[in-house]
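Asker: Here you go, sequence then predicted model.
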Amino acid sequence: MLRISIAFAVSLSLGSSYSPVGNWAAAKCSLRKPECCVVSVRGLEDQLSILQSEYNAVPIDIDLRARVRVQSSSSLHYDCKKIHRSVLMTDDTDDNHKEAVCIAALEELARGVASLADGPLDGVCEDVFLRIVCASDYRAIDPMYHTDKCPLRGYVTLRGLGTELMTRPSSPLEYATLRTLGQGDSSSLRNAEELEFIVMKGDYYKATDAPSTWQDRIWTRSSACVHRSPP
């Protein structure tokens, strides 16, 4: 099975303003709710379709990881161009329209995810970490459920079955059951759809600067999204 996915994780530093295409503001408001552990970002359909069309023709399997600097437009453009050309395995220095729209799509995703940094990270996020995976014969044998050791993770599957996730926060007992048996409340489990950009809370997400409660210090996954690669 062919599977192409892109993931962004929030890092730490200084941010910059921009005019978004996706509805990142609504996603940020939803993530602030304690009962919300994952959101879908609307308005990115055109950008994701462009990347799907271009990366669907990647000739070999890849697993690319890179840092994207979002503090300045020039650094952002340089990093996204370098990533795009690495995926396509080309060092062509001549810009063209197709390349330009793909780079713009990557820039939108990187800046959008950085804009979701909240609480103690609000306004101090300048880097995101990106991972692009193209697997022509994707197979996952009993992948384990887990949460991410970061504040937030943005994720999209361009081709193939998307990440399987809990649509609400999990209790310690639910997490243990999912982790050990690979089973849980079927009404709260679903797979992300193809071309659906989701943002999942990680263990270190905080929406305010308020000190953590003793419950949160004991159960660090209290608002994190439990998920796994599609089995």
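Answerer: Structure received.

Asker: need the helix or strand of this protein with the lowest average pLDDT.
Answerer: helix 214-218 (a mean of 70; mean pLDDT, DSSP states H and E).

Asker: Which residue ranges of the protein form helices?
Answerer: Taking DSSP state H as the test, the helices found in the chain are 24-31, 45-55, 73-88, 97-115, 172-181, 214-218.

Asker: wait, which of those helices is closest to Cys225?
Answerer: Nearest to Cys225, of all the helices of the chain, is helix 24-31, at 10.1 Å by C-beta to C-beta. (C-beta placed from N, C-alpha, C; glycine too.)

Asker: Name the residues that touch the closest one?
Answerer: 36, 39-42, 112, 115-116, 118, 152, 199, 201, 205, 207 (C-beta atoms under 8 Å, 6 or more residues apart in numbering).

Asker: Closest one to Ala105 out of those, please.
Answerer: When the contacts of helix 24-31 are compared against Ala105 (criterion: C-beta to C-beta), the nearest one is Gly112, at 10.7 Å.

Asker: Surely the closest one is in contact with Gly22?
Answerer: Yes: counting by C-beta atoms under 8 Å, Gly112 does reach Gly22; the two are 5.2 Å apart.

Asker: Of those two, give the one with the bigger neighbour count.
Answerer: Gly112 (28 against 21; other C-beta atoms under 10 Å).

Asker: tell me the contacts of the more buried one?
Answerer: When contacts are counted by C-beta under 8 Å, 6+ apart, Gly112 is found next to Pro20, Val21, Gly22, Trp24, Val41, Leu44, Gly154.

Asker: Now tabulate those in JSON lines and tack on pLDDT and distance to Glu194.
Answerer: Output for the contacts of Gly112, formatted as JSON lines (pLDDT from 0 to 100; distance: C-beta to C-beta, whole Å):
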{"residue": "Pro20", "pLDDT": "81", "distance to Glu194": "22"}
{"residue": "Val21", "pLDDT": "88", "distance to Glu194": "19"}
{"residue": "Gly22", "pLDDT": "90", "distance to Glu194": "17"}
{"residue": "Trp24", "pLDDT": "96", "distance to Glu194": "21"}
{"residue": "Val41", "pLDDT": "97", "distance to Glu194": "15"}
{"residue": "Leu44", "pLDDT": "96", "distance to Glu194": "13"}
{"residue": "Gly154", "pLDDT": "96", "distance to Glu194": "16"}
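
Asker: what about burial for these, which qualify?
Answerer: For the contacts of Gly112, a neighbour count by 16 or more other C-beta atoms under 10 Å gives the buried set as Val21, Gly22, Trp24, Val41, Leu44, Gly154.

Asker: What separation do you get for the spatially most central residue of the chain and Pro172?
Answerer: With distances taken as C-alpha atoms, centre = their mean, Gly154 lies nearest the centre of the chain, 1.5 Å away. According to C-beta to C-beta, to the nearest Å, Gly154 stands 26 Å off from Pro172.

Asker: so what sits against both of Gly112 and Gly22?
Answerer: Contacts common to Gly112 and Gly22, judged by C-beta under 8 Å, 6+ apart, are Val41, Leu44.

Asker: among the helices of the chain, where is the model least confident on average?
Answerer: Per-stretch mean pLDDT for the helices of the chain is lowest at helix 214-218 (a mean of 70).

Asker: Pull out the CA atoms of stretch 191-202 and give them to me as CSV.
Answerer: As requested, the backbone C-alpha atoms of stretch 191-202 are provided in CSV (Å, rounded to 0.1, in the frame of the first residue of the first chain):
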residue,chain,number,x,y,z
ASN,A,191,-8.6,7.1,11.1
ALA,A,192,-7.7,10.5,9.8
GLU,A,193,-8.9,10.9,6.3
GLU,A,194,-6.7,11.4,3.2
LEU,A,195,-5.9,15.1,2.8
GLU,A,196,-7.2,15.9,6.3
PHE,A,197,-4.7,18.1,8.2
ILE,A,198,-5.1,17.2,11.9
VAL,A,199,-3.3,18.8,14.9
MET,A,200,-2.9,16.5,17.9
LYS,A,201,-2.0,17.7,21.5
GLY,A,202,1.2,16.2,22.9
